[in-house]
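Student: take this sequence and fold it.
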Amino acid sequence: MQSYSSEKIAGYSKNQARVMRVQTAHGEFLTPSFMPVGTYAVVNTMMPEDLLASGSQIILGGNTYHMLSQPGMEVIEALGGMHRMMNWQGPMLTDSGGYQVLSLSQNKRLCKIDEDGAHFKHPHTGQALHLTPKTSIEAQKIIGADIIMAFDQCTPDVADEALVRRAMERTHRWLIISKEMHEKQKLSPYGHAQALFGIIQGGCFRALREESARFIVSLDLDGIAIGGEAIGYRMDQTVETIGWVRDYLPEDKVRYSMGVGLSPQDLLDVVAAGIDIFDCVAPTRNARHGSLYHGLIVPDGDWLKFESEFDSHRLTIRKSIYAKDDTPILEGCNCTTCQQYSRGYLHHLFKQKAVAYNLLACIHNVHVMQETCQAMRALILA
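Tutor: Alright, predicted model coming up:
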């Protein structure tokens with residue numbers, strides 16, 4: 001059985017961008033690599049063949065919090081793990097449930113945090129869930145992803161330093177427990193090697209981010225993630241935070257900025273800062289709501305930029321000006337949608353709330369993100 005490994009195979013002399021070769025039990029991928037998100041064990045409306053056709057090498061498959069709630073670990077294990085359940089044969093990462101500690105703890109009736117973990121009441125089913133470093137790792141073992149995450153307390157964007165420090169130190173304590181759990185059984189129940197990543201926290205405070213980076217790196221994990229509410233939501237802060245911690249990060253370990261990918265430009269920015277992989281629900285969510293990526297990847301000095309005639313880098317397909325438009329979403333795009341369908345047809349499908357619209361729109365948006373990654377890899381390797 002192939003074990004997990006990562007190696008840097010190229011670096012770019014003009015900035016911090018690099019290409020990593022990562023080997024997992026379910027195959028190899030090269031970075032920079034965008035991970036489409038399958039929160040509920042499916043990348044919305046897309047099937048594995050659509051993901052492969054878009055250029056996706058690795059996905060985020062199944063949110064641990066949601067998988068515990070529905071369908072539950074017994075079902076996932078009975079179906080042979082997330083890879084078999086989704087029929088995705090490539091590399092997969094899953095999260096720890098730490099983001100829900102942030103999002104749901106804002107309502108004390110839904111989530112309460114203590115030193116052991118987080119007590120959840122599911123907002124729709126009322127089901128009680130207790131996530132701890134132990135139960136999170138146990139669940140991720142059953143999910144069977146190639147890369148699993150240590151349980152953390154995701155830090156709010158706006159919080160005082162004392163609160164951020166407490167959350168960071170709790171994250172560090174939880175990481176020790178997560179690693180101990182992982183070390184006891186490094187394979188999934190299906191016999192596949194799994195890699196454990198730790199998550200740097202510390203909010204918008206440089207000293208805390210540096211302290212967290214030193215601690216995470218000291219535990220000699222398989223990879224390093226950078227988390228917190230600001231990461232991916234405020235790109236200026238995201239890039240600055242990466243710069244604070246980058247010199248602490250090993251050259252041979254994968255670097256993961258969590259939740260980055262609202263726009264293709266965001267990928268260009270974090271890769272230039274030294275990041276390898278990233279995930280975001282935005283490409284498929286934007287697609288379903290009628291926002292389709294529109295622009296070209298062009299030279300920008302020694303690097304690249306996503307140049308668009310639209311300020312948001314997105315075409316809004318619901319607008320009536322597209323009703324009779326017989327051109328593709330993006331001229332020159334070789335995704336299935338742009339090769340076969342017009343803006344006018346997509347406008348019609350969107351207005352009809354047709355399921356087919358969601359599939360075609362998601363195919364395009366994910367393809368643009370993967371083309372952005374491919375352009376970066378080509379430049380770095382050249």
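Student: which residue ranges form the strands in the stretch 251-382 of the chain?
Tutor: With DSSP state E, counting those that start in this stretch, the ranges of strands along the stretch 251-382 of the chain come out as 254-257, 277-280, 291-293, 296-300, 303-307, 314-316.
Student: nearest to residue 218, out of those?
Tutor: With distances scored as CB to CB, the stretch of these nearest to residue 218 is strand 254-257 (16.3 Å). No exception for glycine: its C-beta is placed from N, CA and C like everyone else's.
Student: quick one: the closest one to chain centroid distance?
Tutor: Once both centres are worked out by CA atoms, centre = their mean, to the nearest Å, strand 254-257 turns out to sit 10 Å from its chain's centre.
Student: try stretch 298-308
Tutor: 23 Å.
Student: can you check stretch 55-67 too?
Tutor: Distance of stretch 55-67 from its chain centroid, counting by CA atoms, centre = their mean, is 8 Å.
Student: buried stuff in it?
Tutor: 55-67 (16 or more other CB atoms under 10 Å).
Student: re earlier: in a markdown table: the strands of the stretch 251-382 of the chain, plus distance to residue 138 and mean pLDDT.
Tutor: As requested, these are exported to a markdown table (distance: least, CB to CB, whole Å; pLDDT from 0 to 100):
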| stretch | distance to residue 138 | mean pLDDT |
| --- | --- | --- |
| strand 254-257 | 22 | 98 |
| strand 277-280 | 22 | 97 |
| strand 291-293 | 38 | 98 |
| strand 296-300 | 42 | 98 |
| strand 303-307 | 41 | 98 |
| strand 314-316 | 40 | 97 |
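Student: could those strands go into CSV alongside mean neighbour count and distance to residue 151?
Tutor: Putting the strands of the stretch 251-382 of the chain into CSV (neighbours: other CB atoms under 10 Å; distance: least, CB to CB, whole Å) gives the following:
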stretch, mean neighbour count, distance to residue 151
strand 254-257, 26, 16
strand 277-280, 26, 17
strand 291-293, 26, 33
strand 296-300, 14, 37
strand 303-307, 18, 34
strand 314-316, 18, 34
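Student: can I get those strands in JSON lines with distance to residue 7?
Tutor: Formatted as JSON lines, the entries for these read as follows, by distance: least, CB to CB, whole Å:
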{"stretch": "strand 254-257", "distance to residue 7": "10"}
{"stretch": "strand 277-280", "distance to residue 7": "15"}
{"stretch": "strand 291-293", "distance to residue 7": "31"}
{"stretch": "strand 296-300", "distance to residue 7": "26"}
{"stretch": "strand 303-307", "distance to residue 7": "23"}
{"stretch": "strand 314-316", "distance to residue 7": "36"}
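Student: rewinding a little: widest-spaced pair of the buried residues of stretch 55-67?
Tutor: Put simply, by CB to CB the two of these set farthest apart are 55 and 65, 28.6 Å from each other.
Student: quick one: list the elements packing against the helix or strand hosting residue 9.
Tutor: Take DSSP states H and E as the rule and residue 9 turns out to sit in strand 5-11. Using 3 or more CB pairs under 8 Å, 6 or more residues apart in numbering; DSSP states H and E as the contact criterion, the neighbours of strand 5-11 among helices and strands are strand 18-24, helix 355-381.
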